[in-house]
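Engineer: Okay, here's the prediction I keep looking at, along with the sequence it came from:
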Amino acid sequence: MKVAELFNIKGKTAVITGGSMGLGAQCADALAEMGCNVVVAARKIERCEDLCNQLEKEYKIQAQPAACDVSKIEDGEKLIDLAVERFGSVDILVNNAGTAWGGNPMKFPMDGWQKVLDLNLTGTYYLTSAAARKMKEQGGGKIIFMSSTAGLVASRGQSTPTYTATKAALIMLARDLAYKWGKYNIYVNALAPGYFPTDFSGRALSPEVEAASKARIALGRFGDEDDLKGAVAFFCSDASKYVTGQYMIIDGGAIL
């Protein structure tokens, strides 16, 4: 098989959670450009609708907006049902939806802890299970967890213990599910981005903090609006047909 054929995912159906902005929108854009029909899901459907309209016009694919709070298990199940009803299959799932909560780790608020856990880990797991059941029926699929370099090393910045714990857990969850679902031709991998300025991560850094952060990155810059696309294309296509249960760090060569 030619290399270009390995990367061919035209006509596949991709579901992207947290897909209306930031890294999720970058993933949706990449997969739409490659010819996938996409389901863009987020809590605020207006942003999903705007992005879907843009993707349909630019790439001549079909895009379905969906309101979904991944922390609610029933929402995740409805999202998968919607994708199958609209497009007939779920070939790719990008689990990008996530949140964070800061606080003193010696007296971290339990409501903040539970909110992050419910979205980043529990809801994501049940959504993934719902997608995997459909993928098993259809003969396979590709699943990506959006982890973070924050799940690999202790945080030097804000105190977000639940965020770092859940991002670390997603890497291990990918490895565990990859082993259990490999016999169904279901691939499970994780991406671990470094710092990408987005509406979620916050774009405003003091000049001193920004300079110090970039000094720890081999390429001397933060991630941009294209830097995740190649990795997503790799994990979602047959180019990675012998890669499962792995994670890829995308951080510009940062000193972790």
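Structural biologist: Everything's here; your move.
Engineer: In contact with Ala168, which residues?
Structural biologist: By C-beta atoms under 8 Å, 6 or more residues apart in numbering, the residues touching Ala168 are 147, 151-152. Quick note: C-beta positions are derived from backbone N, CA and C, even for glycine.
Engineer: Please work out how many residues are found near Met248.
Structural biologist: 18 (other C-beta atoms under 10 Å).
Engineer: Check Lys57 too.
Structural biologist: 10.
Engineer: so which of the contacts of Ala168 comes closest to Asp227?
Structural biologist: Ser147 (15.7 Å; C-beta to C-beta).
Engineer: hang on, the earlier thing: the contacts of Ala168 in helices, which ones?
Structural biologist: Taking DSSP state H, every one of the contacts of Ala168 sits outside helices.
Engineer: Need those residues in a markdown table (columns: distance to Arg175, neighbour count and pLDDT).
Structural biologist: Output for these, formatted as a markdown table (distance: C-beta to C-beta, whole Å; neighbours: other C-beta atoms under 10 Å; pLDDT from 0 to 100):
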| residue | distance to Arg175 | neighbour count | pLDDT |
| --- | --- | --- | --- |
| Ser147 | 11 | 28 | 97 |
| Gly151 | 13 | 21 | 93 |
| Leu152 | 14 | 17 | 93 |
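Engineer: quick one: buried residues of the helix or strand bottoming out on mean pLDDT in the chain?
Structural biologist: In the chain, no helix or strand scores lower on mean pLDDT, DSSP states H and E than helix 207-215, which sits at a mean of 88. Within helix 207-215, the residues scored as buried using 16 or more other C-beta atoms under 10 Å are 213-214.
Engineer: what about that helix, distance to the chain center?
Structural biologist: 26 Å (C-alpha atoms, centre = their mean, to the nearest Å).
Engineer: Identify the residues contacting the closest residue to Tyr184 other than its chain neighbours.
Structural biologist: Leaving aside its sequence neighbours, Tyr184 sits nearest to Lys136 (C-beta to C-beta, 6 or more residues apart in numbering; 4.5 Å). Residues counted as contacts of Lys136 (C-beta under 8 Å, 6+ apart) are 181, 184, 186.
Engineer: Lys136: helix or strand, and which one exactly?
Structural biologist: Secondary structure from DSSP states H and E places Lys136 in helix 124-138.
Engineer: which strands and helices sit next to the least confident helix or strand of the chain?
Structural biologist: Judged by 3 or more C-beta pairs under 8 Å, 6 or more residues apart in numbering; DSSP states H and E, helix 207-215 is in contact with no other helix or strand.
Engineer: Would you mind measuring from the nearest residue to Asp91 once chain neighbours are set aside to Ala100?
Structural biologist: Using C-beta to C-beta, 6+ apart and skipping residues adjacent in sequence, the residue nearest Asp91 is Lys12, 4.0 Å away. Distance, Lys12 to Ala100, by C-beta to C-beta, to the nearest Å: 31 Å.
Engineer: tell me the helices in the stretch 151-256 of the chain, going along the chain?
Structural biologist: 161-181, 207-215, 229-236 (DSSP state H, counting those that start in this stretch).
Engineer: Tell me which of the ones you listed lies nearest to Asp29.
Structural biologist: helix 229-236 (7.3 Å).
Engineer: Extract the C-alpha trace of that closest one and format it as PDB.
Structural biologist: Output of helix 229-236 as PDB, limited to C-alpha atoms (Å, rounded to 0.1, in the frame of the first residue of the first chain):
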ATOM      1  CA  LYS A 229      -3.100  18.100  12.800                       C
ATOM      2  CA  GLY A 230      -0.400  15.700  11.600                       C
ATOM      3  CA  ALA A 231      -0.500  13.600  14.800                       C
ATOM      4  CA  VAL A 232      -4.300  13.300  14.600                       C
ATOM      5  CA  ALA A 233      -4.100  12.300  10.900                       C
ATOM      6  CA  PHE A 234      -1.600   9.600  11.800                       C
ATOM      7  CA  PHE A 235      -3.500   8.100  14.700                       C
ATOM      8  CA  CYS A 236      -6.800   8.200  12.800                       C
END
